[in-house]
Structures are given as C-alpha cells and as structure tokens.
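*Asks:* Quick one, structure for this:
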Amino acid sequence: MVLKLRQFITGLVCLLVVPISAVNSAELESIGSFDFPTSGSPAAQEHFLRGVGYLHSFGWVQARHEFRLAQEVQPDFAMAYWGEAFTYNHPLLAEWEPDAPAEVLNRLGDSTEERLAKAPTEREKGFVRAAEAYAFTPPPVGQRRTAWMLAMRDLYDAFPEDREVQAFYAVSLISAATAAGDQRDRFNMLAGSLALELFRENENHPGAAHYIIHAFDDPVHAPIALAAAKKYAEIAPAVAHARHMPTHIFIQHGMWEEVAQWNESSFQAAQELWQPGDRPNDLNHSSDWGQYGDLQLANYDRAQVWIERARQVAADNPGDARSADTVRTLQARFIIETGRWHTTPPVTDGMNAHELLATGLGAAYQNDLDSASQAADRLAEMAEGSPDNTNLKISQLLVAGLAKYREAFAHAAHGMSEAFAPARQEGLEMLAEAVRLDETRRLPNGAPNPLKPAHELAGEILLQDGQHGQAAALFQQSLLRMPNRPWSLLGLARSYVQMGDEDAAAEAYQQLLAVWGDKNELPEVIEANRGVGPTQAADSQTNNSQ
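*Replies:* Numbering: from 1, shown residues only. This is a model prediction of the structure:
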C-alpha cells in the first residue's frame, strides 16, 4: 500500500511540476486559487498572480521568476517589485540575502516618494510601505520582521475585508513571532485565527492552509490544523515546500506513512525544479523529514536511500554547509533510531552535535566509557561556547548521564558494589536534568532535537534500573510531546509489563503493532505480538497491510 501510494505521488509530481521556462496558465491550477486584483496590465497581472501563488507556498525561485516577468511586461508595476522583495529570505529562518529586498525596491524607485508614486491605489501603496518597512529597517532580522508586521497591521486595519491583505498580515505575524519572546504564542494564535477565517471561505487558498500549519505547529495546537494540512497536500503540488509542509502537522499526530510519503513527493518536486546555483534547501529539508518518517516505520532500507540521496545533494552543491550537515544528521539519526551502536564512528575533531550524540551513546552502550566521556566533553565545550543553545547542553547530559550509569552497571556486574551507588545516582541525576531542561523549551515541532528524546532515554534507563512507574510516566510524557513514537510505545509497554498491568501493556503493544506490525523480523514486533495475544496481533497485521 505504501509503495503504491508513493509511486502514485511520484507520478503526480512529474505531471504537475513543469520547468519554470514552460509555465503556462494551466499551472495556476497547481498553486491554489485566490483573488488579488491590482493595477497591473492583464499580461503583467497573469505573471503577478503566479508569483503570489508561489510566494504563499514559499516557492522562492519560482515566485521571483514570475515577478520579474511581470516587471518586464510592465516596468513600473510596483506590486511586482513588492513581491520580488519577499523572495530572497525565509520569514522564519536566518536571512540569506539581507540586502536583496532593498536592492529590489531601489530598482522601482530611488525614494519612498518615487516608489509610492508608481502605486496608484492606497492599498498598493500600503503593500509597498510594508516591503519598505522590512527592507530598510536596520538589522537584527527580528526588528525587520516586527516592522513588516506593524506595517501590515496598519494595512489590515485600513482594508479589513481584503483577503490578500489578511493573508499577508497573517504570515507577517508568524514571522514577527520569532522575535516576540513570551508573546510568541499570542502572535501565532492571531495569525492562525486570520488564516482559519480565510480557509473557511476558500479551502484552496494556498496561504490560508500554509499559515494555519505554521501557526499551530506544536503538539497542543496541531489538531486545529489537521484539516488544513490534509487539504494543503493537494492544493499546490507545483511547489516542493507545499508538498512538505503538511507533514509538520502529520508528524504531530504520529502519521508516519504520510510523513514519509509527502516528503518523498516534496523531494521529487524539488529535484525536478533544482538548477545548478539554486539553494538545495527543499531537497535537504524533505530528506531530513522523510528519513525520520521512514525510520519510525522501521523502513530501514528506505532510510539508507535517504542518506544516499543526501550525499548526492551534497556532492552537487559543494561548499553548501546545510547539505553537508544533512548528511551527517541522517547518518547519526540512523544509528540512534536503529540502535546499531556497533556502527558508531570514533570521536574525531570536527564532529557536530548530532554525530557526538550518536557516537557518545553508542560508546556508552558498548561500554567504551572513555570514548563516551570524550564525546560528552566535546559537547560540554560546545555548550559552553553557545550558552543559549539548550540542545547542546541536553545532548551533553544524555551522553554523560548514560555513560555514568553504564559505568555503575559495569561496577555492579563485577561485584564492586561500593562503586555502584554514587555513579548510578550521578547518571540518573544527569538524565533527570536533561529532561528538566527539555521541558523549559518550546514543545517539539518536528523530528527530535537532540536526535534522541530526553524523556525517552531517561525512561529506558529508569526501566533498566527497576523504577517502572517513573519510567512509564516518562514514556507517557514523551508520547504527549511526540505522539506515536515506536520506541516510546515499546518502553511504555515494557514498563506496564514490569508493573504487572497486562491490559495497559497490551494496549501499548497494540499501538506499536499499528506502526510496526508488518515488520515480523524485528524482535520488538515478536515481543509485541506475544504481549497482545494472537487475535489482536492478527488484527494489527491486517490493519497495517491495508
């Protein structure tokens, strides 16, 4: 079923994604539907509308191409320059080309007065002012995003019934939320409410569905966005990011087949569109998320394919740091999610945090405590150099805590009881501190970072330590933060077994089999089948094969 659906999606993408040079009016059907009247000529307006459609889905290169074509048709078309100004930097990530928006607007005119003179309506002047607010506000980027949001708020106040004003006000709020501190959730909720209103009126509006997903991208609010995510998966197939974006909500529901499938389609779309010199961000992002989905399904051969693809992307983009880091991340995640600790490389200079985590955990599990300590020390140095990076500190605590506990375990195995208690307690305290730190952060909104969830690892060690009730509580919390993770389901089931709660254990095993039920070769599946009984196990395998 999964393979057939993936083949269908790949075929769909090949049909819908056309080279930029061959864009025609039919392509409007594959980027969504919306109404954005302007003062542009009919020919310029056609390119402008395509550009806006791509812009709503963060199809930067495609959008820029269309806005520039609109400028060629009508050189003084102010809105075409407005659109192009927002195609150089992602509204949520670090800026790529901070000077480009100002350069675009300066092509339209040398001053605000000259630029506004080319925008014949007050509404269009408002859009230009908003672009100026972003382009000419001094850094840092959070200040620029806030200025953009404030300008869009003014425009929305002036034109509250204009749906495109509303859509771009929503995305400006999501962008400004990244710099809003403790007001972040308020900004996102307001953006989400605006996007939901748009979505109720027009389910095919690409910005409405897209911005709903961004606004509610956390485990608590994700259910609000599920309908939009399912719809967005079919709204804008011409844009690779639009194929990926629904999986931000699917991952929050533990919908692993959808996470893997739609990132496969996103990768195919990005690959069709990529040209030498383009940023390979969509290729890297879909590889990252697609591999995570396949690993949760225990599709380990597919997970290896993602690594090979990432290596090819890195080879095609020499010097691109993100491409190189994606390869390293995928390799480290494969080791951690499969538990193939014998494949962990030795600690070397230049390892990043993900590699050090995988190597450190692997060394600890293989009782190579010196290597585990080296990995923990490197992570500690990195954390000291980046005190605001909580991921580094959590990673260090996970490696150090596991290594210390394994040291105690080794002492106990050799009858050295006097050395067991202090090391054991120190290791458990480190793991508890990693959990505490993790809970001070925003809730997860993607694959785990660090690659091994703190709650899950701490639960596994407490289970080994005989603290079954506390282990169960950690696995339950892990599943609230990252629903349907198989390793947390397995840990929860094992905790209940040790607590003597057979019904609760069978329920957890049943949930695990709903994900892994067709992987009969896995020892964890054999265990789960024993735990639920033959009838329930057969039901799980039947459901999984459908």
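*Asks:* Skipping its backbone neighbours, what lies nearest S175 in space?
*Replies:* P91 (3.7 Å; CB to CB, 6 or more residues apart in numbering). C-beta: built from backbone N, CA, C; applies to glycine.
*Asks:* Quick check: the one you found vs A447, distance?
*Replies:* From P91 across to A447, the span is 21 Å (CB to CB, to the nearest Å).
*Asks:* Tell me the helix or strand right after the helix or strand of the chain with the lowest mean pLDDT.
*Replies:* Least confident helix or strand, the chain: helix 2-16 with a mean of 42, by mean pLDDT, DSSP states H and E. Using DSSP states H and E, the helix or strand that follows helix 2-16 in sequence is helix 42-56.
*Asks:* pull the CA atoms of the helix or strand just after that following helix into PDB?
*Replies:* The helix or strand immediately downstream of helix 42-56 is helix 60-73, counting by DSSP H and E. Provided in PDB are the C-alpha atoms of helix 60-73 (Å, rounded to 0.1, in the frame of the first residue of the first chain):
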ATOM      1  CA  TRP A  60      11.000  31.500  -3.800                       C
ATOM      2  CA  VAL A  61      12.800  30.800  -7.100                       C
ATOM      3  CA  GLN A  62       9.500  30.200  -9.000                       C
ATOM      4  CA  ALA A  63       7.900  33.300  -7.500                       C
ATOM      5  CA  ARG A  64      10.900  35.500  -8.300                       C
ATOM      6  CA  HIS A  65      10.900  34.400 -11.900                       C
ATOM      7  CA  GLU A  66       7.200  35.300 -12.300                       C
ATOM      8  CA  PHE A  67       7.600  38.700 -10.600                       C
ATOM      9  CA  ARG A  68      10.500  39.500 -12.800                       C
ATOM     10  CA  LEU A  69       8.500  38.600 -15.900                       C
ATOM     11  CA  ALA A  70       5.700  40.900 -14.700                       C
ATOM     12  CA  GLN A  71       8.300  43.700 -14.400                       C
ATOM     13  CA  GLU A  72       9.500  43.000 -17.900                       C
ATOM     14  CA  VAL A  73       5.900  43.400 -19.200                       C
END
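*Asks:* who does the helix or strand just after helix 60-73 touch, helix- and strand-wise?
*Replies:* Later in the chain than helix 60-73, the nearest helix or strand by DSSP H and E is helix 78-85. Identification of packing neighbours for helix 78-85 by 3 or more CB pairs under 8 Å, 6 or more residues apart in numbering; DSSP states H and E yields helix 42-56, helix 60-73, helix 100-108, helix 122-136.
*Asks:* For burial, what's the neighbour tally of P42?
*Replies:* 8 (other CB atoms under 10 Å).
*Asks:* would CSV of the helices and strands packed on helix 78-85 with distance to G401 be doable?
*Replies:* What follows is the helices and strands packed on helix 78-85, written out as CSV (distance: least, CB to CB, whole Å):
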stretch, distance to G401
helix 42-56, 45
helix 60-73, 42
helix 100-108, 45
helix 122-136, 44
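*Asks:* any idea which of the ones you listed is most buried?
*Replies:* helix 42-56 (a mean of 23; mean count of other CB atoms under 10 Å).
*Asks:* And it, how far out from the chain middle?
*Replies:* 28 Å (CA atoms, centre = their mean, to the nearest Å).
*Asks:* what angle do that helix and helix 78-85 make?
*Replies:* Interaxial angle, helix 42-56 versus helix 78-85 (axes from the mean of the first three to the mean of the last three CA atoms, to 10 degrees): 30 degrees.
*Asks:* which secondary structure elements does helix 42-56 contact?
*Replies:* helix 60-73, helix 78-85, helix 206-215.
*Asks:* so for it, what's the average pLDDT?
*Replies:* What helix 42-56 shows for mean pLDDT is 97.
*Asks:* contacts for it?
*Replies:* 23, 25, 27-28, 31-32, 34, 36, 38, 40, 60, 62-67, 69-71, 73-74, 77, 79-80, 83-84, 86-87, 164, 167, 205-207, 210, 236, 238-239 (CB atoms under 8 Å, 6 or more residues apart in numbering).
*Asks:* ok, of these, which come out buried?
*Replies:* 23, 27-28, 31-32, 34, 36, 38, 40, 60, 62-67, 69-71, 73-74, 77, 79-80, 83-84, 86-87, 164, 167, 205-207, 210, 236, 238-239 (16 or more other CB atoms under 10 Å).
*Asks:* closest to H342 out of the helices and strands packed on helix 78-85?
*Replies:* Across these, H342 has its closest neighbour in helix 60-73 (42.3 Å, CB to CB).
*Asks:* contact partners of the closest one?
*Replies:* With CB under 8 Å, 6+ apart, helix 60-73 has contacts from 20, 23, 40-41, 43-45, 47-48, 50-55, 77, 80-81, 83-84, 87-88, 90, 238-239, 273, 278.
*Asks:* got a list of what the closest residue in space to R311 that isn't next to it in sequence touches?
*Replies:* Spatial nearest neighbour of R311, chain neighbours left out: V327 (5.5 Å); criterion: CB to CB, 6+ apart. By CB under 8 Å, 6+ apart, the contact set of V327 is 307, 310-311, 314.
*Asks:* repeat for V141
*Replies:* V141 neighbours (CB under 8 Å, 6+ apart): 89, 94-95, 98, 179.
*Asks:* what's the most distant pair in those?
*Replies:* P98 and A179 (14.8 Å).
*Asks:* so V220, which of the three states?
*Replies:* Secondary structure for V220, judged by DSSP: H, G, I helix; E, B strand; the rest coil, is coil.
*Asks:* Counting neighbours, what do you get for it?
*Replies:* So V220, with other CB under 10 Å, has 12 neighbours.
*Asks:* L451 now?
*Replies:* Considering only other CB under 10 Å, L451 is surrounded by 23 other residues.
*Asks:* Isn't it up against R333?
*Replies:* Yes: at 5.0 Å, L451 counts as touching R333 under the criterion of CB atoms under 8 Å.
*Asks:* intersection of neighbour lists for the two?
*Replies:* Going by CB under 8 Å, 6+ apart, residues that sit against L451 and also against R333 are 354, 358.
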